[in-house]
Every structure is written in C-alpha cells, then in structure tokens.
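K.L.:
with the input below, show me the fold.
(one chain, ligands or ions: 1)
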Amino acid sequence: MSGKVSPKSDKSFGDETNMAVVDIEDPIEIKNGRVHHQKTAKEYVHVARLAFNTGRTRDLKYRKEQLGKLLKMYEETAEDMAAALYKDLRKPKQESYNTEIDLIVNDLKNILANIKSYSSSDYPPKPLANMCDTVEIKKDPYGVVLIIGAWNYPIQLSLLPVAGAIAAGNCIILKPSEIAVETAEYIATTIPKYLDKECYQVFLGGVAETTDLLKERFDYIFFTGSPMVGKIVNEAAAKYLTPVTLELGGKSPAYIDDNTNIELTARRLIWGKMVNAGQTCVAPDYVLCSKNVQDKLLGVVGKIVKELFGDNPRNSKDICRIITDRHFNRLINLLNSATVGYGGDYDPQDRYIGPTILVDVKPNDMIMQEEIFGPLLPIINVASVYEAITFINLNEKPLALYIFSKNKKNINLILESTSSGGVTVNDTLMHVVCESLPFGGVGNSGVGSYHGKQSFDTFTHRKSVLRKNFNPIMEKMQSVKYPPYSDRKLKCVQLVNSKRRGLPCRFLSYLLVFVLGVLVTLLVKHLCYSS
Ligand SMILES: NC(=O)c1ccc[n+]([C@@H]2O[C@H](COP(=O)([O-])OP(=O)(O)OC[C@H]3O[C@@H](n4cnc5c(N)ncnc54)[C@H](O)[C@@H]3O)[C@@H](O)[C@H]2O)c1
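P.N.:
Below you'll find the model as predicted:
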C-alpha cells in the first residue's frame, strides 16, 4: 500500500463504524478487524519485481539517496513515531527514543557512513592455480524481500531490517504487525511519502494477508515473531527454497550466582524485565538461583521498585501497558497459576500489570511452558551452577542468557557449556544495543542475525566471480588441465593443487604474473638468439 489513511480512521482495526480508507494506488478498507486490499499480494510483489528488474536499486547513488530520505523521514516524524508508540503501548518517551527511534536513526547513520565500503567487492587471497586470475566477491542484492514485523517494538523491528535491505539494493514488501495498530498505520502512511513507491511497499494486514503474501515467491524473507509462526514462515519459504532470517523468541534465563552484588543485580534485572512491561523478546523470562539468593532478592526488590517507579507503580508514567486485552488475560491466567513473592498488582481497565516476582515455581508449572512476555518473573531454585546449566540445556536454546556473578570461573563455565543467541554478563538487554554485535537466535530462538554491518550482509548475496583473460602465455601455463591427460600432467596439477595457500592480494599476483612474463620472454629471446 502506498497511500494516506483518512483522519477518521479507526484505531482498533475492529470497529465497522469507523472505517479507515487509504486511497492511493491500493485503496484499502479496514473493516471488522480485517484489511481489505483492492490489489492482491501477487500484484504488490509483481510491482516490486518489475522495479527490481529496472536495476535502479543496484546503483549506489540511488541507494544512498533513498537511505537519506529514510533518515529525513525519521528526523521529521520522530514525534509521530513516539505518539504512535504511546497510543499502542503507552510507551514512555524515553523508552521510545532509547529502544526504537534513536536506535534506527543511529543505525541508518552508520549504514550511510559505511555503505560504500560495505558494498565494495572483496578480493580474497587465492591459490597458485588461480594465480593469473582475478577473484572477486561481489555484493549482490537478493531481489525482492519480504519483511514481517512483530508488535512489541513495532518501529524498530520493521525499519531496522528495511534499512539493511535498502542498503544492500533490494526491493521490499514490508508487513508490519497488525497488533500495534497505530504504528502500522504510521508506517503505511509515512513511508510512501518519502521512499520510492514501487521499490518499497507496505502491505497491511494480519494472519490472512500474511498467508497470502507467503504464497508468493520472494528472494529473501526476514521474519520477526514467535517460534510457532516462524515455522509457518519457514515452511512457506521452503517451497521456493527462499533463504530466511527468523528472529524469534523463547524463554531467556537469568542465572544469579551466590557470589554477586544483589542490589545491582536486582536493579538491572527488574529494569530489563520492566522495559516495555516485559514485552521484549530478550527480556529475562525467569531466574535460576539458590533459595538463599532468592531470599536476598526478595529482601531488596521493594526498595528497587520504589526507586524506579515510586511508591505506587500504577501511577508511574514509566511503565508500559499490555498491548491488548487478549495478551493481558493470558498474563493474568499465568499470574493466577503461581505463588506471588512480590507484587502481583494489576488493573484490567488499564491493562496494567506491576512488577511481579513468582516463587516456589517448578519446571512443569504452567508459567514455565511458554514465553511470558510480560512483567512476571518466576524464580526456579537450583542448588548449584551445574544444576542451572543442566536446566538451561534441557530446554530450547534461548535468544538471550543473563549471568549475574562475580565468579569468573562460573561465568566462563556457563558461557562454555550453554548455547544461546547472545549473552550479557551482569546486566540485561545490553548486548542487543551494541550494534557491532550480531543480533539473532539459535535453534528455536532463530536463524540468522542482523544489526550494524550484519544487516547489510544479511540482505546481500556474496557472489563469487573469477575472471580470466585470453593471454596465450597464461593459457600455455595452464594447459596441463586439458586432455589428453598424462602422468606428467597429473604430477604438475598435483603440485599446483598442493600450493593451496592463498596469495595475499591482487598486487602480488599481478607482480608474479609480470615477473613470469618477463622470464618467459627472456627465455624465448635467448632461445632465438642461440639458434
Ligand atoms: N528475535 C527478535 O528480534 C524478536 C523481536 C520481537 C519479538 N520477538 C518474538 O515475537 C513474538 C511476539 O510477537 P508477535 O506476537 O507479533 O509474534 P507473531 O509470531 O504472533 O506475529 C509476527 C508476525 O507474523 C504474522 N502472523 C501471525 N500469525 C501468523 C500466521 N498464522 N501465519 C502467517 N503470519 C502470521 C503477524 O501478522 C505478525 O506480523 C515473541 O515470541 C517474541 O519473543 C522476537
């Protein structure tokens, strides 16, 4: 869709009386919670395919221009982004800027500053057999890519991959999450005002529309969401062997060692759990610690919550709300299934849930069967670091793992004995904001990664190119590869093949070719004169 939603549009995607009408190339109606497109998913993809085939997105100047316009969009409409996030999630302004707006602005500035070097071909070392050839790794765009976003960081999760995909020269169909209604509308109405409407299109909708999109052939699919839907996306992609990045979720553990600074641990843990009201893919999902540490944690948590959110956190402007009633009710069911050690306050009218710690939790309890995605923090007691490691390894590989400890041996033991998408030691969430670290999961928590240069690489096919020339001397030198084969030729080929160590750079191999050329010429001249 590239168009404008009328000001009277319904903000819930679910009320027939207030109907949103978008009226440019694809006038859409939003009726009874469903988006009605005039154009089909196939037509969207067709337009993007035609645009890609013009070749314009391959041009570095064009890509920089489009990224510049995206930056302009961020700068000119940052307040609209923050307003949409507030309406969807009651996101505090500082959280909106820290975790979404500034993140995409900085990422884009970094891409713009480095796009020339990211896009340049690499010239790797080469073996003796290719001494006379030019070997190059060209950075090729995949083509038309599908980006599907999740609702919890609806700006960041849609627009960070968009920047990487544009930089790498792809055309894009972006499908933001339908659950973050305001942000989806902001994206759908704002992007066409700034970017090339054929190359970069926004397709609004929910499950049915995403299902339609997934029937189409894409050259790459970048999905952010739950492992369950990730599998659906992966299956659809497999039909055309389309490569995918799957940014998924899961239960991320936080291990607290006996040897730690309990107050700092509590502050960093509660902060990480309460950002976006726990609706964060890398939020610490549950705690593993001894009974002794649990008691100490419960002893300081009241003080920390008061410090962060005041006497009554319900009145704090710094706690997000749960995205929908459905999500809220799921969390309250989980809360009611467990024993509250701290907190437990909630308000259905406002979709508010306060910081809550759950105790006496057992591995088979309901709350341990699914990703929590809310401000509930269960504690599972373990007797040692070894038991914690065993517990982590018995479960799916998490997206994030947090270790709070002063004991280097224990920290390294966990790092060496477990697998997770990423790790922060002695804090939460922070490895995600360091853009030089690739961000992604492993196993059930995802496939592939992005952020920083990795975003460009994710949307880039590294195409191997080997160039030869028609130089007769080179041809003579390589003639041993042709039949008729002989023992002498085999020995020669084996000798060359055994010199697989790469020659370091193009200059050295040119020099070698030049020296060899001179030697051969001198030899020929010498033979001519002597005869
Ligand atoms: N790894 C990450 O970067 C990251 C970031 C944010 C969220 N997440 C994960 O995402 C999940 C929460 O987000 P969500 O509720 O939006 O996820 P979701 O999987 O329900 O939805 C994600 C996207 O898939 C679409 N979708 C939903 N059901 C579908 C279906 N049956 N067929 C086709 N498409 C479908 C939705 O429209 C949405 O755009 C959590 O598991 C969280 O951990 C991961």
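K.L.:
what's the closest non-adjacent residue to the residue in the chain that the ligand sits nearest to?
P.N.:
Closest residue of the chain to the ligand, CB to the nearest ligand atom: Gly249 (1.8 Å). C-beta: built from backbone N, CA, C; applies to glycine. By the measure of CB to CB, 6 or more residues apart in numbering, the closest residue to Gly249 outside its immediate chain neighbours is Cys281, 4.5 Å from it.
K.L.:
pretty sure that neighbour contacts Gly421?
P.N.:
No: applying CB atoms under 8 Å as the test, Cys281 and Gly421 come out as separate, 9.3 Å apart.
K.L.:
shared neighbours of the two, anything?
P.N.:
Leu399 (CB atoms under 8 Å, 6 or more residues apart in numbering).
K.L.:
so which strand or helix has the residue of the chain closest to the ligand?
P.N.:
Here Gly249 sits in a region with no helix or strand, counting by DSSP states H and E.
K.L.:
distance of it from Phe404?
P.N.:
Separation of Gly249 from Phe404 (CB to CB, to the nearest Å) stands at 22 Å.
K.L.:
again, but for Ile367
P.N.:
For Ile367, the distance to Phe404 - CB to CB - is 21 Å.
K.L.:
more neighbours: these two, which one.
P.N.:
Ranked by neighbour count (other CB atoms under 10 Å), Ile367 and Phe404 place Phe404 first, with 27 against 21.
K.L.:
that one touches Asp258, doesn't it?
P.N.:
No: here Phe404 lies out of contact with Asp258, judged by CB under 8 Å, at a distance of 10.4 Å.
K.L.:
per-residue pLDDT, the residue of the chain closest to the ligand?
P.N.:
Per-residue pLDDT puts Gly249 at 94.
K.L.:
what's the burial count for it?
P.N.:
29.
K.L.:
what sits against it?
P.N.:
With CB under 8 Å, 6+ apart, Gly249 has these contacts: Gly225, Ser226, Pro227, Cys281, Glu371, Phe373, Leu399, Ser445.
K.L.:
these into CSV, with extra columns for distance to Lys463, pLDDT and neighbour count?
P.N.:
As requested, those are arranged in CSV below (distance: CB to CB, whole Å; pLDDT from 0 to 100; neighbours: other CB atoms under 10 Å):
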residue, distance to Lys463, pLDDT, neighbour count
Gly225, 30, 98, 22
Ser226, 33, 97, 17
Pro227, 32, 97, 19
Cys281, 32, 97, 28
Glu371, 38, 98, 19
Phe373, 40, 98, 24
Leu399, 31, 98, 29
Ser445, 30, 98, 28
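K.L.:
and these near the ligand, which?
P.N.:
Gly225, Ser226, Cys281, Glu371, Phe373, Leu399 (CB under 6 Å from any ligand atom).
K.L.:
check the secondary structure at the closest residue to the first one other than its chain neighbours for me.
P.N.:
Sequence neighbours aside, Ala150 is the residue nearest to Gly225 in space, at 4.7 Å (criterion: CB to CB, 6+ apart). Using DSSP: H, G, I helix; E, B strand; the rest coil, the structure places Ala150 in coil.
K.L.:
Lys116 contacts Lys61, correct?
P.N.:
No: using CB under 8 Å, Lys116 is not in contact with Lys61; the gap is 10.5 Å.
K.L.:
list the buried residues for the helix or strand harbouring Ile389?
P.N.:
Ile389 belongs to helix 385-394 when assigned by DSSP H and E. Residues of helix 385-394 classed as buried: Val385, Ala388, Ile389, Phe391, Ile392 (neighbour count, 16 or more other CB atoms under 10 Å).
K.L.:
which residue sits closest to the residue positioned nearest the centre of the chain, ignoring its sequence neighbours?
P.N.:
Using CA atoms, centre = their mean, the residue of the chain that lies closest to the mean C-alpha position is Tyr450, 4.5 Å off. Counting by CB to CB, 6+ apart, Thr458 is the residue found nearest to Tyr450 once chain neighbours are left out, at 4.9 Å.
K.L.:
what's around that neighbour, how many residues?
P.N.:
Counted by other CB under 10 Å, the residues lying close to Thr458 total 23.
K.L.:
next: Pro141.
P.N.:
If you count neighbours by other CB under 10 Å, Pro141 ends up with 23.
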